[in-house]
Structures are given as C-alpha cells and as structure tokens.
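Enquirer: Quick one: sequence plus predicted model below, questions after.
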Amino acid sequence: MKIEQIYTGCLAQGAYYIESEGEVAIIDPLRETQQYVDKAKIDNAKIKYIFETHFHADFVSGHVDLAKTTGATIVYGPGAETSYDIHSAKDNEEFKLGNITIKALHTPGHTLESTTYLLIDEHGRDHAIFSGDTLFLGDVGRPDLAIKSDLTKEDLAGMLYDSLRNKIMPLADDVIVYPAHGAGSACGKNLSKETVGTLGNQKETNYALRADMTKAEFVKEVLDGIAPPPQYFAKNAMMNKMGYDSFETVLKSGDSPLNPEDFEAMANHQEALVLDVRPQSDYIKGHIPNSIFIGLNGQFAPWVGALITDLKQPILLVVPEGKSKEAVTRLSRVGYDNTLGYLEGGLDAWIASGRDIDTLESISAETFAERVKNDDVHILDVRKDGEYKSMHLENAQHFALDYINTQMNEISKDQTYHIHCAGGYRSVIAASILKARGYHNLVDIAGGFGAIKKTDLPTTDFVCPSTL
C-alpha cells in the first residue's frame, strides 16, 4: 500500500494518490491530471476510482478529465447529483482497491454530500481518514457553502456536529487524518500549518472536537467570525457539479504567444483584462497602462478568484519568461478558462514596439515615516479585518483588498494615498486596481506593515472590551 499526499501551496489543498496491488484511487484531484496518470504508469498500476469528498468551492477538481482519460469511476457521497456519470455511494459502502478497502462515511455539514473516506488496511485495521472539508487539523469546514440548499448555515453546522461525533470521533486515536486543506484556505478559520495528523491529537487540540461540547456551543463557535465566502466559491462548486472544458483545451488556447500588436488589439477589441503576474518589484518599475497586478509569487489563484468577478472574463497575460503555462494552469484551477494568450517577449517587447508604460511610486517605510511626521498623509491599510484590528497605524483608513471592488466610493481621486499591506504583495494589487479605475495619486510602501513597525510611527493595538 502506498499513500502520497500531493499538496499545492497556492490553494492550500491536498490531493491523494493511493495504490495497492496495481490499483489506484485518487482523492480530490487538481485540474491538471496528467501527474496522476504518470504516477500510475510508473507504478504499473491502473486508476480505478476517483473519490470526491464534496463539491469543492475553492478550486475546480480534475475528476471529469481524469475519468475521461482513464475510465475510472467518479465516486461522490450520498445525494450528489451531477450532469456527468458518477457512482453515488451509500453510507458505509465499501470499495475494494487491491488488498485494501475504502469505506464511504457520509459526513454532511460542510455540504450535504460531504463524505469522509476511511481506509482499511490489508489486515482489516482502520488506518486513515481522508476527511475532505469535514475535519481539518485545528478546525472544521465552514457550513455555509451548500449549493442551492434550503438549509441554513445553522442547520448545516448542526449536521456537522452530528457527523463529527457519530462518524469521526468514535474511530481510534491512531487513525491518520488526511484533510483537504491546510493553513491559508478560506474553507475554515484557523487551519493548522501541518497537513497530516492523527485523530487522537485532534481530539485533544481541535476546539470543535471537545468531548463536553454541546451542539448549541458547537454551532455558535463554528459560525463565529466566519467571513463571507469569496465570490468565486459558488461558481467553482457549480463547475464541479456540472462539468467544464477539458484542461488541455484551456491550456492550448491560453498558452499562446502574442506580439505587441495582436496583444493590444485583443485588449482593445475583446475587452480583455491585462493581468500582470510578474513579481511586484517588476510591476512597480514598469507595466502596461491599466493592467492589473496579481503575482504568481503570492497567493495567486485565491486573489484572482476574489477580485476578478467574472469567470468568463477574457484575460491577457504579462508573465515572467517561461511562466506562461504555469499562469494559465493556475488560473484554470479556480475556473478562469478564458485566457487568450500572453505577451511574447514580455514588457521588453512592448517597450521596443514604442508603446507606453506606466510606473508605480514605491517608497521605504523610513521615507514614509518622515512624510507622516511632516505632512497630512492619507493612509490606506489593505490588510484583512483581523490584521487591522490586531494592530494598525493611527489615522490609517481600513480599506481591505477583499472588498476593494465595492468600497471605492470611500476614497477620492483627488487625494494622494499611501498604501500598505503586511509585506508588500497585496498593496501593489490594490494600487493596480485603483490605477485602472482612475485613481492615479498612489504611493506603495515597500515592505508593508512589517517594515512600518520598525519605525517610530505610533500604532493602535486592539483592546478587548471590558466585561466588568
């Protein structure tokens, strides 16, 4: 028996490759599936099953393509309905894989069809659970993502409580937990950086598995502090339910080199968004006017999904040399399949063709501190709510990047704004979006709040309200 976790940091997502006696199961595969086919070939094995723990909302799974390529059976939990052929498992149904068994444990709560897969080894012992978004390390899945359900998030949270206590917690402490996500995923609140653990450890440390916890307490704590889901979540879940274009078709179309003339023509006539995915330092020095920056070197796919509201938006790419395929692939993972091509030769080719570029002013934290002391400076803090509440500059306006598309009426095009995030990635994203919308008096603070804290500028710490 072989179990391999295939972890993708940008999505904080774990897919799984399981092989026994020449038969393979893949759990929650990524959009690009050739890697699984290659692994099976190396093992001289055949992919027999593709197990989906639920209709994923934060990425487009590769189950449809992989089934077409290999003939493997797609397995979902009870109640799952799709536009393509699947096997809808019954609760406690068993699937043989070589000399091991995979049992489907229906664990609704995160979504109605959510299912945990229990691996029983060749000796008949419970070895591991592939818990999807039912159980993470340190947390559980958010119960507000069910597709077109009449149930409330409170109803689903109650189901999740029952699933955990009736299906998961009775299992032995030495059972290994393989979750679908780790820290950085928006599918939970406080996920651990660890991506593999044991059930016994989770019973001791995971707040949601406290033995003395009532259902009412569970519902309250699970729902407390959940931010609204990113706008693309429901759209990705529907793609996973209804199917999608093949990844190879998307890649062939998107990974196409374009000269500056054709690139500009497409941008003008197809209302394409120019997406610059180079490092932020390169974007700051020079970029195509009105292009949006979201760099491959950060949490690229989640920010694309949060900020580009139309999955069908035509996209033109400005990429580092040799990174076009990676950019198209990572866009497709979150359902952005309408990439038209990339600028061949990059910004150098654009400049050589005589076309204009734009720049972004960026200053050090030390220079910024001097400006604050000597002038009336307007500051935009684009970090998340929790970061801002924890500590922020006095007089800084909270302008969270997550909600930038809905809050631009809170600022003026006549003012100059100094923008910062935590480290410098998100502030450049925010500045690029604002510049594209006609806000041109912008200054980025290099190094973000991490660098600002090293200056002597006054900050405001969050103070818990007194309960006395």
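Expert: Done, it's in.
Enquirer: Run through the residues that contact the closest residue to residue 364 other than its chain neighbours.
Expert: If the residues on either side of it in the chain are set aside, residue 364 comes closest to residue 446, at 5.6 Å by Cβ to Cβ, 6 or more residues apart in numbering. Where C-beta positions appear, they are placed from N, C-alpha and C, glycine not excepted. By Cβ atoms under 8 Å, 6 or more residues apart in numbering, the contact list for residue 446 reads 362, 363, 364, 365, 424.
Enquirer: any idea how far the nearest residue to residue 329 once chain neighbours are set aside is from residue 69?
Expert: In this structure, residue 329 finds its nearest non-sequential neighbour in residue 32, 5.6 Å apart by Cβ to Cβ, 6+ apart. As judged by Cβ to Cβ, to the nearest Å, residue 32 and residue 69 stand 12 Å apart.
Enquirer: So for these two, which residue has more residues nearby?
Expert: residue 32 (19 against 16; other Cβ atoms under 10 Å).
Enquirer: For residue 196, give me its contacts.
Expert: 5, 137, 176, 177, 178.
Enquirer: And for the first one, the neighbour number?
Expert: Read it as residue 5. Neighbour tally, residue 5, other Cβ under 10 Å: 14.
Enquirer: Ramachandran angles for it?
Expert: Per-residue torsions, residue 5: phi -90, psi 130 (degrees, to the nearest 10).
Enquirer: shift numbering so it begins at 2
Expert: That works, and once the first residue is 2, the last one we named lands at residue 6.
Enquirer: Figure out the helix or strand that the closest residue to it other than its chain neighbours lives in.
Expert: Nearest residue to residue 6, sequence neighbours excluded (Cβ to Cβ, 6+ apart): residue 15, at 5.2 Å. In the assignment (DSSP states H and E), residue 15 maps to strand 14-21.
Enquirer: what does residue 68 give?
Expert: helix 64-71.
Enquirer: The helix or strand following that helix pairs with which strands, parallel or anti?
Expert: As assigned by DSSP H and E, the chain's next helix or strand after helix 64-71 is strand 74-77. Strand pairing for strand 74-77, determined by DSSP bridges: strand 47-52 (parallel), strand 88-89 (parallel).
Enquirer: hang on, the earlier thing: tell me the mean pLDDT for the strand holding residue 15?
Expert: The average pLDDT for strand 14-21 rounds to 98.
Enquirer: ditto for stretch 54-66
Expert: 97.
Enquirer: Alpha carbons of it, as CSV, please.
Expert: Provided in CSV are the C-alpha atoms of stretch 54-66 (Å, rounded to 0.1, in the frame of the first residue of the first chain):
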residue,chain,number,x,y,z
THR,A,54,-15.1,14.3,-0.7
HIS,A,55,-17.7,17.0,-1.8
PHE,A,56,-18.4,19.6,-4.4
HIS,A,57,-15.3,21.8,-3.9
ALA,A,58,-15.9,25.5,-3.9
ASP,A,59,-12.3,26.9,-3.7
PHE,A,60,-10.9,25.1,-6.8
VAL,A,61,-12.0,23.2,-9.9
SER,A,62,-11.3,19.5,-9.5
GLY,A,63,-9.8,17.3,-12.2
HIS,A,64,-12.3,14.5,-11.8
VAL,A,65,-14.1,14.9,-15.1
ASP,A,66,-11.0,15.0,-17.2
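Enquirer: Now do that stretch: distance to the chain's middle.
Expert: From the chain centre to the centre of stretch 54-66 is a distance of 12 Å (Cα atoms, centre = their mean, to the nearest Å).
Enquirer: Also stretch 116-128?
Expert: Here stretch 116-128 is found 29 Å from its chain centre; the criterion is Cα atoms, centre = their mean.
Enquirer: any low-confidence regions in the chain?
Expert: 148-150, 463-469 (pLDDT under 70).
Enquirer: can we see that at 50?
Expert: Counting by pLDDT under 50, the chain shows low-confidence ranges at 464-469.
Enquirer: element containing residue 118?
Expert: Per DSSP H and E: strand 116-121 holds residue 118.
Enquirer: now the angle from that strand to strand 14-21?
Expert: Orientation of strand 116-121 against strand 14-21 (axes from the mean of the first three to the mean of the last three Cα atoms, to 10 degrees) gives an angle of 30 degrees.
Enquirer: Can you give the strand pairings for strand 116-121, parallel or anti for each?
Expert: When DSSP bridges is applied, strand 116-121 pairs with strand 101-107 (antiparallel), strand 127-133 (antiparallel).
Enquirer: Quick check: buried residues in the last one?
Expert: This points to strand 127-133. By neighbour count on 16 or more other Cβ atoms under 10 Å, the buried set for strand 127-133 is 127, 128, 129, 130, 131, 132, 133.
Enquirer: so is residue 303 in a helix, a strand, or just coil?
Expert: helix (DSSP: H, G, I helix; E, B strand; the rest coil).
Enquirer: Quick check: the gap between residue 367 and residue 184.
Expert: In terms of Cβ to Cβ, residue 367 sits 32 Å off from residue 184.
Enquirer: Number of residues surrounding residue 25?
Expert: Neighbourhood size, residue 25 [other Cβ under 10 Å]: 24.
Enquirer: for it, phi and psi?
Expert: phi -130, psi 140.
Enquirer: dump the residue contacts of it.
Expert: Per Cβ under 8 Å, 6+ apart, neighbours of residue 25: 18, 19, 37, 40, 41, 44, 46, 47, 48, 49, 50, 98.
Enquirer: just so I have it, where are all the strands in the stretch 252-401 of the chain?
Expert: For the stretch 252-401 of the chain, applying DSSP state E, counting those that start in this stretch gives strands covering 258-259, 274-277, 293-294, 316-319, 340-344, 362-364, 379-382, 392-394, 397-399.
Enquirer: Give me the domain ranges for the chain.
Expert: 3-236, 246-353, 363-462 (automatic domain parsing).
Enquirer: now do the same end-to-end measure for the second one.
Expert: What it means is domain 246-353. Length of domain 246-353, first residue to last, Cα to Cα, to the nearest Å: 36 Å.
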